[in-house]
Every structure is written in structure tokens, then in C-alpha cells.
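> Fold the following and give me the result.
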Amino acid sequence: MINKKMFVNGQWTEALSGKTRDIINPFNRESIARVSEGDREDAKGAVKAARQAFDAGVWPYTPGSERGELIHALGRLIERDRQELAELETLDTGKTIEESRWDMDAVAGIFKYYAGLADKNHGEAIESPLPETSSRVVREPVGVCAQISPWNYPLLQASWKMAPALAAGCTIVMKPSSITPLTTIKVTELAEEAGFLPGVVNLVLGPGSSPGAELAESLEVDLVSFTGGIETGRKIMQAASKNIKKIALELGGKNPNIIFADADFDLALDSVLCGALFHAGQICSAGARVLVQDKIHDRFVQALQARMERIRLGSGLDPETEMGPLISREHLAKVEEYVRIARDEGALLRCGGERPSSPKLQDGFFYLPTLFTGCENRMRIVQEEVFGPVITVERFQSEEEVLTRANSTVTGLSAGFWTRDPDRIHRLSRGLRFGTVWVNDFNIYFAQAPWGGYKQSGLGRELGRAGFEEYTEQKHIYQNHDPRAANWFGA
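Numbers count the residues shown, from 1 in each chain. All right, here's what the predicted structure looks like:
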């Protein structure tokens, strides 16, 4: 059992209320840590520290090259502690240790990428309409940023927010999920070690309904970035309207993976499994909605079922494990309810659909990889995000048909398709209304490419230069080099 606190204005501090929360390993429900449980007053204190550091501190005026050096140093510390961070992430979330190591490599790379952008914000000279005048457009840090991260990729999602905000010169208040805070706490320790000034990086802990709500509503916060569910995203939009603060929302999606008959069969099959089942399907971009062309449908389903029935469940720390548990008892119940709904709606259960029977897995929140066929566009299991190891398969005949069906959801985060036809690649890449479209691949992202969705998948972008610009405001500076009186009034 380890004990961890919040970090406000350069000091590690208990919650003002004295409350704590036990952090549970979803593999066996054992308590692995005890952390401070903050509320609105703790969040107010963190915002005050960030406000002071931005308004009266030196961080916004620190040269970009110096900010970049600090951010790069933090990336190196993450590399140094990669294994410790990966183990914490696996204990916290249940995902396999190899997935957690991949995450830590990505996190370090994100900090290094934005470290390189910190001194590239040179502005732009534009043509001025009058002689003896000049104009330029500059980007300046937006100010105090509240950053609310989800439980499924705790440190990865935090890094997508933390690194560009710091590179831009903002001060931040991070609030990780109350059930998976350990790696965000650790990276805050590393930020302190790297030498960030007090008030630049702050961390509050606790539920979204208390410190999270305070961050969204606060008149002293200039931007709130949130990754999570659509309903919470709507509440944050409403709360942010109090001072018209900037918002960045990544709210998930229902992501189609389309398999045409001319696809490389084996590669497409493998992509469906990887695209839908990493981290037990608890991924906002999970390709859990699979659409297979009629000609290969039966063969594809048979092969998919055979692979899914062989997936090894277990502890994420066991190198033999291919899939770990779900995050919590409540989330397991949600997945079970979606499976019940699917069966009631007429979907055909091919495998899974229940908890595993192995005695070794009874203490954890495990659910068998589940496959439904005979799925139709109208079904809730097809239209709504399950966030679990559940794959639905739909049969289609034509390109036009599948494009219409793929675009039919209210979200538009990501989509993928498999084909060898270059003309089809061009048509579908253009026709799919999603923020990311993968061609002959799935669930690939990297620091240089923007991430975000259409429709109800959210607002704004993370990663890439667009992710940096989210944390800036544009300012036009006009200068008259030879001012003269107009003599318009009362001359």
C-alpha cells in the first residue's frame, strides 16, 4: 500500500477535508494505494496557484527554447522510469504490461515532440492595408488550463494535454480519473524533479462531480480539456459557458472497421482483433463495429470466432496474458447489460457473452471476448459505445451501402477499411465522416498527427500542431510607423 497526495503550488498536500480513496487493482480487487480525495475547495486552491503563476509568474514569458528544455527533460525522466510507470499503469487499469510499456514509449515521445514545438511559435507577418504600417499575428498562451483525463489511458491521455499546454506557456491543473490516478501522480513527481516552477503544474484528485465540476465552472480557468463520455462532455460545455472559456472535448465514438472482399484476409482479420480488443475493448477508438462484405462474410466470421475463443485472460503482469479485466464492477455490469440488449434485439451470440468460469479469474472484473453476428444498423449494440470486449459483425453488399451505414452514427471519431482497390481507397477516404480514417490498418496514432472527431465525438484536436494551437490565443498586432492626425472631429 502506497500513500499519495495532491500537488498544489509546488507542495504535496492532503485534501482539505482529510478524505482518502483506496485505489483497486481490477485483476483481484486488492487495494494498491491510498490517495487524497479532493473536493471543490482543493480545486479552487489549485486554480489559484495556477492563476498566480500565469498572471504574475515568469512561465508565460520564458523563452520557448527554455520551456522546451524542461519539457524534454521530463520526457527523458519518463524514459528512465518507463518500467515503473508501466507497472503502475497495469496495476491501476488491468491492461497487459506490454500495452503499458507501449503507452510509456508514446508518452515520452509526446513530451519530446512538443518540446521541439515550444520555440517554433514565431507568428506571421501579414500585409497591412496602409503605407507606413505593419501587421503581425502572434499566438500567445491561453492561460490557466484545467485538464480532466479518463481512466482507460490515464497517463497517455494526460500527456496529450499536459505537453502542448506547457509548450505553449500555459499553467495547468490536472485532474485524472479518481479510479486510475497513479501514473499521473508519478509524472507530477517527475515534473517536480525536472524543475518546473511552483504553480505551473498542479494536480488535484477526486471525483468529476466535485473537483472536476469546479474546474469546469471556475471563472478563473481559461480553458478546460476533457476526455470521456458524451453526457459529461455536455455538462462541461454548459459549465464552461459561465465565462465562455475555451473547451476541448474528446468524447469517444462508434468506430467502423470495413472489410471488403478484395482485402488481405489474414491481415484484415488480425486488424479486427487488435483494433477492437486491446485493453479489453476499453478504447475510445475501438473498431468494435465490423462490417464484412457478403462474399467473405461467413468465412471471416468463422475465423474471427476461432481466434477470439483462444484469447488468454489473466493478470496484466503475466507475460502470457493477452487480455486483462475490465476496470470496475460497475463497468462490468454495463457491458453485461449491453450484451443482454443485443440478444433481446435479435443479434446472434457466437462466443463469449458471460464471465469466465476459471477459478483464477473470479476475483477480477473479467468478461469473455464476445462476438455477435446478424447485427443490423438499428441495434443499440451497433450504434452505441459498449467500451468492452464485444465485437458486432454486419453483412454488406455494396460500397455505397456500407458508406451510408458507417456514417449513420451520431459520432465520428475514427474509421478504417481494408481493400486493394486504389479508386475505392480514394472514394472512401473522402466519404467517411470521421476525424481519422485508417486505410489497411487500424488504431494507429502518433504525436505529429491531429486526433479528434466529427459530430458528437467532440470539439477541437489533440496531438500534432493543432493540439499545440488549442492552448493558444491569436493576437493581431498593428503598428503605425508614421502616425498623423485625421482632423475629423472639431478641427
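> Show me what counts as buried in stretch 216-236.
For stretch 216-236, a neighbour-count test (16 or more other Cβ atoms under 10 Å) marks 216-218, 220-230, 232-233, 235-236 as buried. Every C-beta, even on glycine, is put in place using the N, C-alpha and C of the backbone.
> what about it, how long is it end to end?
With Cα to Cα, to the nearest Å as the measure, the first residue of stretch 216-236 is 6 Å from its last.
> please begin residue numbering at 134 from this point
With the count now opening at 134, the last piece we talked about shows up as stretch 349-369.
> and that stretch, what's its mean pLDDT?
Throughout stretch 349-369, pLDDT has a mean value of 96.
> where along the stretch 384-533 of the chain do the helices fall?
Remark: helices assigned in the stretch 384-533 of the chain by DSSP state H, counting those that start in this stretch are 398-410, 430-442, 462-477, 513-516, 532-539.
> Mean pLDDT, mean neighbour count and distance to Y247 for these - can I get that in CSV?
As requested, those are exported to CSV (pLDDT from 0 to 100; neighbours: other Cβ atoms under 10 Å; distance: least, Cβ to Cβ, whole Å):
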stretch, mean pLDDT, mean neighbour count, distance to Y247
helix 398-410, 98, 19, 27
helix 430-442, 98, 17, 38
helix 462-477, 98, 16, 31
helix 513-516, 98, 19, 36
helix 532-539, 98, 18, 33
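> Including distance to Y578, could those go into CSV?
Compiled in CSV, the helices of the stretch 384-533 of the chain are given as follows (distance: least, Cβ to Cβ, whole Å):
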stretch, distance to Y578
helix 398-410, 12
helix 430-442, 24
helix 462-477, 23
helix 513-516, 24
helix 532-539, 20
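> Dump stretch 480-493 to PDB, restricted to CA.
What follows is stretch 480-493 as a C-alpha-only set of coordinates in PDB (Å, rounded to 0.1, in the frame of the first residue of the first chain):
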ATOM      1  CA  ALA A 480     -28.300 -10.400 -32.600                       C
ATOM      2  CA  LEU A 481     -26.800 -13.900 -32.700                       C
ATOM      3  CA  LEU A 482     -24.200 -14.700 -30.000                       C
ATOM      4  CA  ARG A 483     -21.300 -16.700 -31.500                       C
ATOM      5  CA  CYS A 484     -19.000 -16.800 -28.500                       C
ATOM      6  CA  GLY A 485     -18.500 -15.200 -25.100                       C
ATOM      7  CA  GLY A 486     -21.400 -13.300 -23.600                       C
ATOM      8  CA  GLU A 487     -20.500 -14.200 -20.000                       C
ATOM      9  CA  ARG A 488     -17.900 -14.000 -17.300                       C
ATOM     10  CA  PRO A 489     -15.200 -16.700 -17.400                       C
ATOM     11  CA  SER A 490     -15.600 -19.800 -15.300                       C
ATOM     12  CA  SER A 491     -11.900 -20.200 -14.400                       C
ATOM     13  CA  PRO A 492     -11.400 -20.000 -10.600                       C
ATOM     14  CA  LYS A 493      -8.200 -18.000 -11.200                       C
END
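> If we go by neighbour counts, what in it is buried?
Counting neighbours by 16+ other Cβ under 10 Å, stretch 480-493 gives 480, 483-486, 489 as buried.
> residues making contact with it?
Identification of contacts with stretch 480-493 by Cβ atoms under 8 Å, 6 or more residues apart in numbering yields 434, 438, 441-442, 446-447, 465, 472, 475-476, 494, 499-508, 512, 514, 522-523, 525.
> ok, now with 6 Å
438, 441-442, 446, 472, 499-508, 514 (Cβ atoms under 6 Å, 6 or more residues apart in numbering).
> Among the residues you listed, which one sits closest to L546?
I514 (17.6 Å; Cβ to Cβ).
> closest to T569 out of the helices of the stretch 384-533 of the chain?
Closest among the helices of the stretch 384-533 of the chain, using Cβ to Cβ: helix 398-410, at 12.1 Å.
> ok and the closest one relative to helix 430-442, angle-wise?
Note on geometry: by axes from the mean of the first three to the mean of the last three Cα atoms, to 10 degrees, helix 398-410 and helix 430-442 are set 50 degrees apart in direction.
> Now do helix 398-410: which elements does it pack against?
Other helices and strands packing on helix 398-410, by 3 or more Cβ pairs under 6 Å, 6 or more residues apart in numbering; DSSP states H and E, are strand 389-392.
> Centroid-nearest residue for this protein?
Residue closest to the mean C-alpha point of the chain, counted by Cα atoms, centre = their mean, is Q290 at 4.3 Å.
> Now do the contacts for that residue.
Contacts for Q290 (Cβ under 6 Å, 6+ apart) come out as 282-283, 360.
> Try it again at 10 Å.
236, 240, 280-284, 309-310, 317, 358, 360-361, 383, 417, 595 (Cβ atoms under 10 Å, 6 or more residues apart in numbering).
> Looking at these, which is nearest L459?
Nearest to L459 out of the contacts of Q290 is W284 (Cβ to Cβ; 10.8 Å).
> and the closest one, how many neighbours?
Applying other Cβ atoms under 10 Å, we find 19 residues neighbouring W284.
> ok, it touching H464?
Yes: W284 is within contact range of H464, at 8.9 Å (criterion: Cβ atoms under 10 Å).
> Which parts of the stretch 234-383 of the chain are helices?
287-301, 315-327, 346-350, 363-373.
> Can you give me the domain boundaries for the chain?
Using automatic domain parsing, the domains assigned to the chain come out as 135-384+590-610, 389-572.
> so which of these comes closest to A619?
Of the domains of the chain, nearest to A619 by Cβ to Cβ is domain 135-384+590-610, at 12.2 Å.
> Quick check: end-to-end length of that closest one?
52 Å.
> Reformat the helices of the stretch 234-383 of the chain as TSV; add distance to V425.
Output for the helices of the stretch 234-383 of the chain, formatted as TSV (distance: least, Cβ to Cβ, whole Å):
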stretch	distance to V425
helix 287-301	30
helix 315-327	37
helix 346-350	41
helix 363-373	28
